[in-house]
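J.: Provided below for reference: sequence and predicted model.
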Amino acid sequence: MNKNLSIGFIGAGNMAWAIIGALVKSEVLPPKNIIASDIAVERLELAEKEFGVTTTQDNAQVFAKSNAVVLAVKPQFLPEVLENLAASPEFPGEGRKLIISIAAGVGCAKMEDILYTGLDEDAKSRLPIVRVMPNTPALVGQGMAGMAANAYTAEEDRLTAQTIMDAAGKALWFDEKDINGVTALSGSGPAYVFYLAEAMVRGGVEAGLPEDKALAMAIQTIKGAALLMEETGEAPGLLRKKVTSKGGTTAAALTVFHENKVLEAIVKGMLAAKKRGEELG
């Protein structure tokens, strides 16, 4: 990525914090090229101290000083933020400016309705929009993000968005119609894993293990299983079969899972999450 690129963050909450930290720590960009705004002064002071970035409470200043702007505010606040930006004297500016939104449930069309109103085709083409669905493991540099671009997004914009999100983990491109599916899988996915870990710990305790040791074992087991899937490249179902001996202990547990339709319940839950994403959007 161009080392002269300036990235602005409107909102300095946990996800923005994770991405800023990843960009700085991985040396993708120097701190002087990053500016962030937030309504909480103490959050900005902490960002300055932790990462050495520039901060302000003026969103329009972030927009004006950045080549790429990450919208990291809560979905219910995003329309107002966009309306204020569109009404500012700095909008839309002279050069190209990439807009990246990580606000869940807000589609590109909604953002275009606000940002593109009154703009000619040339101005719109200089204001591409990328919608991103990240997840919380970005806080430890292991995030998984799904991204979708609008019609004005060029290859250079895609590369910029890819580099930004890859700094905090991994990112894949999708058609925007698939983003609610991404939300159901990776966006909400960490909660499913935590739910599984919670069940494993409870099961360990009921089997007579100390809770602290049960938790340590659950964490390492999940971590190891994920790494095994990644490094072998084998399908989860195949790996499951390899560790399941006929008539053994694993088979006994899986039989109960099958009888209680655990797999089907998880899939139904994910489809419910997808449906809810569609309703919110």
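T.: Happy to help now that I have it. Given the structure is predicted, the values throughout are model-derived calculations rather than measurements.
J.: dump the host helix or strand of His258 to CSV, restricted to CA.
T.: Using DSSP states H and E, His258 falls within helix 249-259. This file holds the C-alpha atoms of helix 249-259, laid out as CSV (Å, rounded to 0.1, in the frame of the first residue of the first chain):
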residue,chain,number,x,y,z
THR,A,249,-15.6,-42.3,23.4
THR,A,250,-15.8,-39.7,20.6
ALA,A,251,-18.5,-41.7,18.8
ALA,A,252,-20.5,-41.9,22.1
ALA,A,253,-20.5,-38.1,22.3
LEU,A,254,-21.3,-37.5,18.6
THR,A,255,-24.2,-40.0,18.8
VAL,A,256,-25.8,-37.8,21.5
PHE,A,257,-25.1,-34.7,19.3
HIS,A,258,-26.8,-36.4,16.3
GLU,A,259,-29.8,-37.5,18.4
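J.: I'd like the average pLDDT over it.
T.: The average pLDDT within helix 249-259 is 97.
J.: check which helices and strands the helix or strand that comes right after that helix sits against.
T.: Counting by DSSP H and E, the next helix or strand C-terminal to helix 249-259 is helix 262-280. Judged by 3 or more Cβ pairs under 8 Å, 6 or more residues apart in numbering; DSSP states H and E, helix 262-280 is in contact with helix 179-182. C-beta: built from backbone N, CA, C; applies to glycine.
J.: for the spatially closest residue to Met270 that is not a sequence neighbour, which residues are in contact?
T.: Spatial nearest neighbour of Met270, excluding adjacent residues (Cβ to Cβ, 6 or more residues apart in numbering): Ala184 at 4.4 Å. By Cβ atoms under 8 Å, 6 or more residues apart in numbering, Ala184 lies in contact with Met270, Leu271, Ala273, Lys274, Gly277.
J.: name the nearest residue to Gly277, sequence neighbours excluded.
T.: Counting by Cβ to Cβ, 6+ apart, the residue nearest Gly277 is Asn180, at 3.8 Å.
J.: would you agree that neighbour is in contact with Glu278?
T.: Yes: in this structure, Asn180 is within contact of Glu278 by Cβ atoms under 8 Å, at 5.3 Å.
J.: write a ChimeraX command that selects only the buried members of the contacts of Ala184.
T.: With 16 or more other Cβ atoms under 10 Å as the burial test, the buried ones among the contacts of Ala184 are selected in ChimeraX as follows:
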select :270,273,274,277
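J.: so which residue is dead centre in this protein?
T.: In the chain, the C-alpha nearest the mean C-alpha coordinate belongs to Pro134, at 0.8 Å (Cα atoms, centre = their mean).
J.: against Ala207, how distant is the closest residue in space to it that isn't next to it in sequence?
T.: With Cβ to Cβ, 6+ apart as the measure, Ala145 is the residue that lies nearest to Pro134, at 4.3 Å, once sequence neighbours are left out. When distance is defined by Cβ to Cβ, to the nearest Å, Ala145 is 37 Å away from Ala207.
J.: quick check: buried residues in the helix or strand Asp122 falls within?
T.: Following DSSP H and E, one finds Asp122 within helix 121-125. Across helix 121-125, burial judged by 16+ other Cβ under 10 Å covers Lys124.
J.: name the helices or strands packed onto that helix?
T.: Secondary elements touching helix 121-125 (3+ Cβ pairs under 8 Å, 6+ apart): none.
J.: how far does the helix or strand just after that helix sit from the chain's center?
T.: Past helix 121-125, further along toward the C-terminus, the next helix or strand under DSSP H and E is strand 129-133. Distance, stretch centre to chain centre, for strand 129-133: 10 Å (Cα atoms, centre = their mean, to the nearest Å).
J.: list the contacts of Ala225.
T.: Neighbours of Ala225 in contact, by Cβ under 8 Å, 6+ apart: Leu239.
J.: shouldn't Phe9 be within a helix?
T.: No: if the criterion is DSSP: H, G, I helix; E, B strand; the rest coil, then Phe9 is strand and not within a helix.
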